[in-house]
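Asks: structure for this input, please:
(one chain, ligands or ions: 1)
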Amino acid sequence: MSRKPLIAGNWKMNLNHIEAVTLVQKLAWTLDDANFDFDKTEVAVFPPFTDIRSVQSLIEGDKFRIEYGGQDISAHDSGAYTGEISGSFLAKLNAAYVLVGHSERRTYHGETDEVCAAKVQAAYRHEITPVLCVGEGLDIREAGNHVTYTLEQLRGSISGLTAEQAKSLVIAYEPVWAIGTGKVATAEDAQEMAAAIRAELTKLYSADVANQVRVLYGGSVKSSSAPSIMEQADVDGVLVGGASLQADEFAAIARFDA
Ligand SMILES: O=C(CO)COP(=O)(O)O
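Replies: Model prediction:
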């Protein structure tokens, strides 16, 4: 079973639409100069909503093979939900992906597993692939309950998902203690959780479904740590925060096997 590696850059609340164009241009040129093989590895960026139209125009206009997506999606399709963004708007912008349940959404906006499950469904309604984020905090890790906790979060956040939907799901394991802290989980930590997630999906669905789901690791990934993380059997990609804001560094991460 070959799962296409996905190198994803979550810009968080960084870069306006003008800076976004500069970064995507530089990223595309850097990868082109290095003869990057987009057939072998997928590269995606997750800019702030206000950047997406500019990023779309650039990518489509110059036929760059970089994918893009939103950092969040409303559980609702339209209506009186001030400040929210509908999946139909993201679909209209040809967004391929959307992040759901990033730990910063769960922490600062109180998103529960139930809310995440509704957002995952919203993504599928609009034919956008959700990148569902799960992961434990430091206290849970230190108590040794990280696997139990993360799998419970996973089950809650995909509740109601059909096997057919699950096949295309992307799951990002992002231990909260490793986000923006410079503390990278070891490659073995990433593999342990990725394997546990796949085993859980086998239980919930089937081995066939579990083998198609891509599992990413996120948390302080740099070009120096990406190769050993990407070597792990059950890790299919990385979700990069800070290091995705520099074209050279993000391109180097995407070239993990160069
Ligand atoms: O949260 C992350 C990506 O979604 C990880 O962020 P950092 O790579 O900055 O630790």
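
Asks: report the contact partners of the residue of the stretch 1-150 of the chain found nearest the ligand.
Replies: With Cβ to the nearest ligand atom, the shortest gap between the stretch 1-150 of the chain and the ligand falls at Asn10, namely 3.6 Å. All C-beta atoms are positioned from the backbone trio N, CA, C, and that covers glycine. For Asn10, the set of contacting residues under the criterion of Cβ atoms under 8 Å, 6 or more residues apart in numbering consists of Phe46, Gln71, Leu99, His102, Gly218, Leu239, Val240, Gly241, Ser244.

Asks: and the ligand, which of these reach it?
Replies: Subset of the contacts of Asn10 in contact with the ligand: His102, Gly218, Leu239, Val240, Gly241, counting by Cβ under 6 Å from any ligand atom.

Asks: in the sheet, who's paired with the second one?
Replies: Read that as Gly218. According to DSSP bridges, the residues that bridge with Gly218 are Leu239.

Asks: pLDDT at it, what is it?
Replies: Gly218 is assigned a predicted lDDT (pLDDT) of 97.

Asks: was I right to think it contacts Val240?
Replies: Yes. Contact criterion Cβ atoms under 8 Å: Gly218 and Val240 qualify, at 6.8 Å.

Asks: ok, and the closest non-adjacent residue to the residue of the stretch 1-150 of the chain closest to the ligand?
Replies: Distance criterion Cβ to Cβ, 6 or more residues apart in numbering; nearest residue to Asn10, sequence neighbours excluded, is Phe46 at 4.7 Å.

Asks: get me the contact residues on this structure for the ligand.
Replies: Near the ligand, the residues belonging to the chain are 10, 102, 174, 179-180, 218-221, 239-243 when assessed by Cβ under 6 Å from any ligand atom.

Asks: now the closest residue to the ligand within the stretch 151-258 of the chain: closest residue in space, sequence neighbours ignored.
Replies: Ranking the residues of the stretch 151-258 of the chain by distance to the ligand (Cβ to the nearest ligand atom) places Gly241 first, at 2.2 Å. Ranked by Cβ to Cβ, 6+ apart and with sequence neighbours excluded, the top spatial neighbour of Gly241 is Asn10, at 5.3 Å.

Asks: immediately after the least confident helix or strand in the chain by mean pLDDT, which helix or strand?
Replies: Across the helices and strands of the chain, mean pLDDT, DSSP states H and E gives its lowest value to helix 138-142, namely a mean of 94. Toward the C-terminus, helix 138-142 is succeeded by helix 146-157 as the next helix or strand (DSSP states H and E).

Asks: quick revisit: pull out the buried positions in the least confident helix or strand of the chain.
Replies: If you call a residue buried by 16 or more other Cβ atoms under 10 Å, then helix 138-142 has these buried ones: Ile140, Arg141.

Asks: please apply the same query to stretch 130-148.
Replies: By neighbour count with 16+ other Cβ under 10 Å, stretch 130-148 contains the buried residues Pro130, Val131, Leu132, Cys133, Val134, Gly135, Glu136, Ile140, Arg141, His146, Val147.

Asks: farthest pair within the residues you listed?
Replies: Of all pairs drawn from the buried residues of stretch 130-148, the one with the longest distance (Cβ to Cβ) is Pro130 and Arg141, at 24.8 Å.

Asks: the spatially most central residue of the chain: what's it in contact with?
Replies: Centroid check for the chain by Cα atoms, centre = their mean gives Val131 as the closest residue, at 4.5 Å. Contacts were defined as Cβ under 8 Å, 6+ apart; by that measure Val131 touches Ala8, Gly69, Tyr97, Val98, Leu99, Val100, Val170, Ile171, Ala172, Leu216, Leu239.
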